[in-house]
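> Next input, structure requested:
(chains A, B, C and D)
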Protein chains: 2
Amino acid sequence: MRIGELSRKTGVPVPTIKYYVREGLLPPGELTSRNQATYGEGHERRLQLIRALLDVGGMKVAEIADVLAALDDPGRPLHKVLGAAADRLGGADGERDDAESAAARAVVADLISRRGWEASAESPAAADLARALAAMDRLGHGAFVEVLDDYADAAEQVARADLGYVDRQVAVEGMVEGVVVGTVLGEAVLSSLRRLAHVDASARLYGAGGPGEGGTGPAGCEAPDAPRTRRE
Amino acid sequence: MRIGELSRKTGVPVPTIKYYVREGLLPPGELTSRNQATYGEGHERRLQLIRALLDVGGMKVAEIADVLAALDDPGRPLHKVLGAAADRLGGADGERDDAESAAARAVVADLISRRGWEASAESPAAADLARALAAMDRLGHGAFVEVLDDYADAAEQVARADLGYVDRQVAVEGMVEGVVVGTVLGEAVLSSLRRLAHVDASARLYGAGGPGEGGTGPAGCEAPDAPRTRRE
DNA sequence: GATAGCGGATAGCGCCACTATCCACTTTGG
DNA sequence: CCAAAGTGGATAGTGGCGCTATCCGCTATC
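Sure thing, here's the model as predicted:
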């Protein structure tokens, strides 16, 4: 298969494929002449994976390059691959050191020990959690910690489901990749489901025929009235 | 309070504050002279909210502008505000129409009806869910639907917790804002917790002292070996 | 009355994910 | 056999986004 066909099959434009190769996301095709190369279905799969991590997972190209490099590494230390995969989201580098941040970190440390989680309070996930809780605190929603355990229950449940799934997939060759996919795309799935559940909840609250426009229907489908005109 | 103090209190640079005002995220200060204005603690709060939605929630400035505009609208149709808040993530506009997408949409429609959710299969959340499932299918993880109900259980549980929290907050003036905060930042909280639970799970699997470097510790803390050198 | 800060406006920057163009060179269809 | 289409490789450019720098004339403050 040559690059044009690869492009047609995956819907990714040819220049974009070349770009991914340049950035190390996609291995180059096998040269048959000075300027002719063939691509296998491994390339096709890899392209699908890249697009999924980009479009659905919201990862950045550089992050994907790291994850894929770790994934291709024969001595694949799974938790390192996952680390590379999970270290997205982690927005700002500097951890603020105001009262809210300190309190949030304490809450997180307590949560981890209370749950008996084998995780460090210094892990990126814990730092992100603390940042989110600190932001809520600053906004006067410090009481959110009251439902933190419900959230943690849900997270444990999901993690258990993930484990079961991976277990069933065991012995399949692409397991490491499966874990990455599950971790990254699973997050998108869970977020969508949460939002769906919220739609349901608010539909029940405000009932069918509440604020006009029939039930909840495609809630949130409304576009802004004006076509984005700011700054002028 | 003048702009410098506002900047000092929130940690947001003065030019950035001006930028937010220009973009309509922050109301301008009250003019006391032709070129002197005062800002209240409403401005301070709003700035914290903006930074939280930006840094923790990962929203874009234009989206935040929409949400805040809806929030300030006296005739606040809550589900529209939330719609504006939730319509992020929705990456690509065009829905692909391959076999996997169709199958995924069917799965989502089935899930919604099976659970009795009062939500439309055309809602953005459902579309996002379908996109994620379709991507998994394309990657050979169509079997993920087997754990979809576990995920849905968790999502329902979280939504219930959110409802309870909002309920307790009822009668507080900033309830609408609270819902927005809960929706957007709650997602970050849930994601962090899921990742923490994954760290815990993989620590239990690969055990303490598994692949060297002591337990799991700050799993995922490793930076890429080289300081980002590609493309040269 | 000097200095620091201000509101307002415009222009520019750095990053990112592409996209366009060009070249010399195959491959392919007629 | 030859022209048109396609290819690998390289370099430069684009558009969007979240700021950031600079300048202006003015005002509060010491």
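
> longest helix in chain A, by residue count?
helix A:175-206 (DSSP state H).

> packing partners for that one?
Helix A:175-206 is packed against helix A:61-72, helix A:78-86, helix A:148-168, helix B:78-86, helix B:124-138, helix B:148-168, helix B:175-206, with contacts defined by 3 or more CB pairs under 8 Å, 6 or more residues apart in numbering or on different chains; DSSP states H and E. All C-beta atoms are positioned from the backbone trio N, CA, C, and that covers glycine.

> looking at the ones you listed, which is buried most?
helix B:124-138 (a mean of 25; mean count of other CB atoms under 10 Å in any protein chain shown).

> Briefly note if it comes near DNA strand C.
No. Helix B:124-138 does not reach DNA strand C (CB under 7 Å from any atom of the strand); its nearest approach is 14.2 Å.

> Helix B:148-168 and that helix, what's the angle between them?
160 degrees (axes from the mean of the first three to the mean of the last three CA atoms, to 10 degrees).

> after the worst-scoring helix or strand of chain A on mean pLDDT, next one along is what?
Sorted by mean pLDDT, DSSP states H and E, the helices and strands of chain A end with helix A:78-86, the least confident at a mean of 69. Per DSSP states H and E, the first helix or strand lying C-terminal to helix A:78-86 is helix A:99-115.

> buried set for that next one?
A:100-101, A:103-105, A:107-108, A:111-112, A:115 (16 or more other CB atoms under 10 Å in any protein chain shown).

> filter those down to the ones close to chain B.
A:112, A:115 (CB under 8 Å from any CB of the partner chain).

> tell me which parts of chain A are close to DNA strand D?
A:2-5, A:14-15, A:18, A:21-22, A:28-29, A:31, A:35-37, A:39.

> Can you pick out the most distant pair from those residues?
A:E5 and A:R22 (20.1 Å; CB to CB).

> doesn't B:D153 make contact with A:D153?
No. Using CB atoms under 8 Å, A:D153 is not in contact with B:D153, being 10.4 Å away.

> Domains in chain A, by residue range?
A:3-76, A:91-149 (automatic domain parsing).

> I'd like these laid out as CSV, including mean pLDDT.
As requested, these are arranged in CSV below (pLDDT from 0 to 100):
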stretch, mean pLDDT
domain A:3-76, 95
domain A:91-149, 93
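
> could I get the ones you listed as a markdown table with distance to A:D200?
Output for the domains of chain A, formatted as a markdown table (distance: least, CB to CB, whole Å):
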| stretch | distance to A:D200 |
| --- | --- |
| domain A:3-76 | 22 |
| domain A:91-149 | 18 |
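
> What residues does the closest residue to A:A155 other than its chain neighbours make contact with?
Distances taken as CB to CB, 6 or more residues apart in numbering or on different chains place B:L193 nearest to A:A155, at 3.7 Å, with adjacent residues excluded. By CB atoms under 8 Å, 6 or more residues apart in numbering or on different chains, B:L193 lies in contact with A:125, A:129, A:151-152, A:154-155.

> can you check A:E156 too?
So A:E156 contacts A:115, B:197 (CB under 8 Å, 6+ apart).

> now it: how far from DNA strand D?
In this view, A:E156 and DNA strand D are 33 Å apart by CB to the nearest atom of the strand, to the nearest Å.

> How about A:V166?
The value you get for A:V166 to DNA strand D, if CB to the nearest atom of the strand is used, is 35 Å.

> Tell me the pLDDT of that residue.
On pLDDT, A:V166 comes in at 86.

> wait, it sits on A:G182?
Yes. Using CB under 8 Å, A:V166 is in contact with A:G182, at 6.7 Å.

> tell me the contacts of A:V181?
A:49, A:52, B:136, B:139, B:141.

> Apply 7 Å and report the result again.
The contact partners of A:V181, by CB atoms under 7 Å, 6 or more residues apart in numbering or on different chains, come to B:136, B:139, B:141.

> ok, the second one to DNA strand C distance?
From B:L139 over to DNA strand C the distance is 17 Å, taken as CB to the nearest atom of the strand.

> For that residue, give me phi and psi.
Per-residue torsions, B:L139: phi -90, psi 10 (degrees, to the nearest 10).

> Give the full set of residues in contact with it.
B:L139 neighbours (CB under 7 Å, 6+ apart): A:48-49, A:52, A:181.

> ok, now how distant is it from B:A99?
Noted for B:L139: a distance of 14 Å to B:A99, by CB to CB, to the nearest Å.

> what's the answer for the first one, then?
When CB to CB is the yardstick, B:M136 and B:A99 sit 14 Å from each other.

> give me the number of residues near A:T32?
Number of residues near A:T32 (other CB atoms under 10 Å in any protein chain shown) recorded here: 10.

> quick check: angle from whatever helix or strand A:P15 lives in to helix A:61-72?
For A:P15, the enclosing helix or strand under DSSP H and E is helix A:14-22. Taking the same axes, to 10 degrees, one finds that helix A:14-22 is oriented at 60 degrees with respect to helix A:61-72.

> Show me which residues of helix A:14-22 are buried.
A:17, A:20-21.

> Pipe these into TSV and attach distance to A:A197 per row.
Below are these laid out as TSV (distance: CB to CB, whole Å):
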residue	distance to A:A197
A:I17	38
A:Y20	36
A:V21	41
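
> Could you look up the SS state of the closest residue to A:G174 other than its chain neighbours?
In this structure, A:G174 finds its nearest non-sequential neighbour in B:G140, 7.4 Å apart by CB to CB, 6+ apart. Secondary structure of B:G140, reduced to three states by DSSP: H, G, I helix; E, B strand; the rest coil: coil.

> Over to the one 5 residues further on?
Look at B:V145: counting by three-state DSSP, its state is helix.

> That one contacts B:D110, doesn't it?
No. Using CB atoms under 7 Å, B:V145 is not in contact with B:D110; the gap is 9.5 Å.

> Assign A:A37 to helix, strand or coil.
strand.

> ah, wrong one, I meant A:L53
A:L53 - assigned by three-state DSSP - is helix.

> What is the neighbour count of it?
Neighbour tally, A:L53, other CB under 10 Å: 26.

> surely it meets A:E63?
No. The pair A:L53 / A:E63 is not scored as a contact, 8.2 Å apart, by CB under 7 Å.

> still on that earlier bit, among the contacts of A:V181, which one lies nearest to DNA strand D?
B:L139 (23.6 Å; CB to the nearest atom of the strand).

> Would you mind measuring from the closest one to A:R51?
10 Å.
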